[in-house]
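[1] how does the following fold in three dimensions:
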Amino acid sequence: MSDTPSTEVTLNGAQVLAVIDGGEALTRLDEMIQELVDAIKRTHEKGQITIRIDIEPDAIKDGEVVRFKIGVGKMEVKKPEPPIGDSYLYPAANGGLVKDDPRQPYIPTMEPGAVKAPVDRQSAKEA
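    Residues are numbered from 1 along each chain as shown. As a prediction, this is how the structure comes out:
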């Protein structure tokens, strides 16, 4: 190795991501961050992004690594999901499930729109 200081500009982590696969890793990371932020705003729960960067020697000369192969081995986002509420269903005689309790009597006035709103006769006369 030479004792002369290097004038090469080295890459920081963000710049390395920008170089991997022509910037695809950084583009995907940006999308994942936006998806995660949107999910957190909806659920008020935390999330997580995992990035694994694989670095391995690619070329060795005179016992020294002269080139590295760098790639993204894994990019994963764990978004919080809004909970799905519970419902109560009842067993039917045929073994299936039904929404209404078959042990309860059927009351036709309970159907939406079956009960008409009372008429305000005083307002109708004034109009």
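
[2] tell me how far Asp101 lies from Tyr90.
    5 Å (CB to CB, to the nearest Å). Just so you know, the C-beta spots here come from the backbone N, C-alpha and C atoms, and that holds for glycine as well.

[3] meant to ask about Ala18, not that
    Taking CB to CB, one finds Ala18 at 58 Å from Tyr90.

[4] so which of those two has more stuff around it?
    Ala18 (16 against 13; other CB atoms under 10 Å).

[5] give the contact list for the residue positioned nearest the centre of the chain.
    Here the mean C-alpha position of the chain is nearest to the C-alpha of Lys79 (CA atoms, centre = their mean), at a distance of 3.7 Å. Applying CB atoms under 8 Å, 6 or more residues apart in numbering, we find Lys79 in contact with 35-36, 39-40, 47.

[6] with Ala25 instead?
    17-18, 51, 72, 75 are the contacts of Ala25 under CB under 8 Å, 6+ apart.

[7] among the residues you listed, name the ones in helices.
    Among these, the members falling in helices (DSSP state H) are 17-18.

[8] which one of the contacts of Ala25 is nearest Thr7?
    Among the contacts of Ala25, Ala18 lies closest to Thr7 (CB to CB), at 21.6 Å.

[9] my guess is that closest one meets Thr27, correct?
    No: if you go by CB atoms under 8 Å, Ala18 and Thr27 don't touch, sitting 9.2 Å apart.

[10] for the longest helix belonging to the chain, which positions count as buried?
    Using DSSP H, we find that the single longest helix of the chain is helix 24-43. For helix 24-43, the neighbour count (16 or more other CB atoms under 10 Å) marks 25-26, 28-29, 32, 36, 39 as buried.

[11] thinking again about what came up before, need the max-distance pair from the contacts of Lys79.
    Glu35 and Ile40 (9.8 Å).

[12] just the pLDDT for Val37.
    What the model reports as pLDDT for Val37 is 95.

[13] same check on the one 4 residues further on?
    The predicted local confidence for Lys41 comes out at a pLDDT of 94.

[14] kind regards, and thank you for your time.
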